[in-house]
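> sequence below, structure please.
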Amino acid sequence: MFEEFAGRYADPKFNALELAATEWLDGFYLLEHLLCTRAWALRLWPDVSPELRFAALTHDAERFFPGGPTSTPTNGFDNPDYLFAHSIRSADIVEAWLRKQQPMPEQKFIARVRTLILRHEVGGNEEEDFLQAVDSLSFLESLDWLTVDWVHTSRYSIEKAREKLNWSVERIRPSAAVKVALPLYVAAVCRLEAAHSNAMDLEQRRVVAGDRRLLLGI
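Numbers count the residues shown, from 1 in each chain. You can find the predicted model right below:
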C-alpha cells in the first residue's frame, strides 16, 4: 500500500552530516516531514545554504525525545509559549548532537543552525522566513495524514485540525512558496474533511513516515 514512498527522498546531494542526522532520527514519525522540508528548500532555493539545509532536516528533532511540549496544544497552534518552547528545545537538542560529531562542525555552522531552528516557527530575515515557509509546505504535503489521525484519536475535531492547515498557509511569506502552497492546502483539507471515511492504515502510515531505509531507498 505504501510502495510509492520507496526512495521518495533519495538525493545524491546528501552530505555525510545530513546522512548521520537521518540515522540519528531513524524511526521518528516526523522523519518524512523533515526530509520533505529539506526537499522543498532545495526545490525552491537551489543555492540554499548548508546551514539551512541542515536546519530544515532537523528543526523538529525535539519531538523524538520525551519531555517536550505536546504536538497537539489546546491553546492554539500560534501560541508563542508553545512555539518558543518547541523551538528552543529542538535547537538545544540539535546543537548538543552537532557538538558530539567527529569531526565537529565549525562553530559558525552550529550557531547559524541553532538560530534557524530557533526561528523556524516565527521567521525573521529572508532565510528564516524561507525555513518557516518550507516547513509549512512540508506539513501540508507530508503530514496531511496526521490531521486525519488527530480526528480518529479524538485529539481534535475536523474543524480544530483544520486550524493547523489554515495557519500553515497563513504564515507563509515568500511569494514562491505561497504559489505552491495553495494546491497542497486544498488536497490536505479534502483529506481531512473525509477523515471519518478514511481507509488508510494510519498506524502503518506512521511507521512508514519514520522508516529511513524506505524513504531514502537504501
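> any stretches of this protein with poor pLDDT?
Scanning the chain for pLDDT under 70 picks out 1.
> next, the contact list for Leu31, please.
22, 25, 209-212, 215 (CB atoms under 8 Å, 6 or more residues apart in numbering). Quick note: C-beta positions are derived from backbone N, CA and C, even for glycine.
> one more: Leu165?
If a contact means CB under 8 Å, 6+ apart, then Leu165 has 140, 147, 185, 188-189, 192 as its contacts.
> against Val208, how distant is it?
As judged by CB to CB, to the nearest Å, Leu165 and Val208 stand 21 Å apart.
> re the thing from before, just the contacts of Leu165: which are in helices?
With DSSP state H as the criterion, helices contain 140, 147, 185, 188-189, 192 from among the contacts of Leu165.
> now do the strands in this protein.
Ranges of strands within the chain: none, based on DSSP state E.
> now for the contacts of Leu165: which two are most distant?
Within those, Thr147 and Tyr185 form the most distant pair, 11.6 Å apart (CB to CB).
> who's more crowded, those two?
Using other CB atoms under 10 Å as the criterion, Thr147 and Tyr185 rank with Thr147 on top: 25 against 21.
> I figured the more buried one was touching Cys190, is that so?
No - taking CB atoms under 8 Å as the definition, Thr147 is not a contact partner of Cys190, at 11.3 Å.
> so Val169 makes contact with Pro183?
No - applying CB under 8 Å, one finds Val169 not in contact with Pro183, separated by 11.0 Å.
> of those two, which one has the most company?
Val169 (19 against 11).
> burial check on the residue nearest to Phe54 when sequence neighbours are not counted, number of neighbours?
Leaving aside its sequence neighbours, Phe54 sits nearest to Val113 (CB to CB, 6 or more residues apart in numbering; 5.4 Å). Residues within reach of Val113, counting by other CB under 10 Å, total 26.
> what does the one 10 residues further on give?
Look at Gly123: counted by other CB under 10 Å, it has 19 neighbours.
> ok, now the one 10 residues further on?
Around Ala133 sit 27 other residues, with neighbours defined as other CB under 10 Å.
> give me the distance between the closest residue to it other than its chain neighbours and Gln101.
In space, and not counting its chain neighbours, Ala133 is closest to Ala177: 3.8 Å by CB to CB, 6+ apart. With distances taken as CB to CB, Ala177 is found 31 Å from Gln101.
> more neighbours, those two?
Higher neighbour count among Ala177 and Gln101: Ala177, with 20 against 14, using other CB under 10 Å.
> which residues does that one contact?
40, 44, 130, 133-134, 136-137 are the contacts of Ala177 under CB under 8 Å, 6+ apart.
> which of those fall within helices?
40, 44, 130, 133-134, 136-137.
> I'd guessed Leu42 sits against Phe14; true?
No - assessed by CB under 8 Å, Leu42 is found out of contact with Phe14, at 10.5 Å.
> can you report how many residues neighbour Asp92?
For Asp92, the neighbour count with other CB under 10 Å is 15.
> pretty sure Ser90 contacts Glu62?
Yes - with contacts counted by CB under 8 Å, Ser90 reaches Glu62, the gap being 4.0 Å.
> which parts of this protein are helices?
16-24, 31-44, 50-58, 80-99, 107-118, 126-142, 144-152, 158-170, 175-193, 202-209, 212-216.
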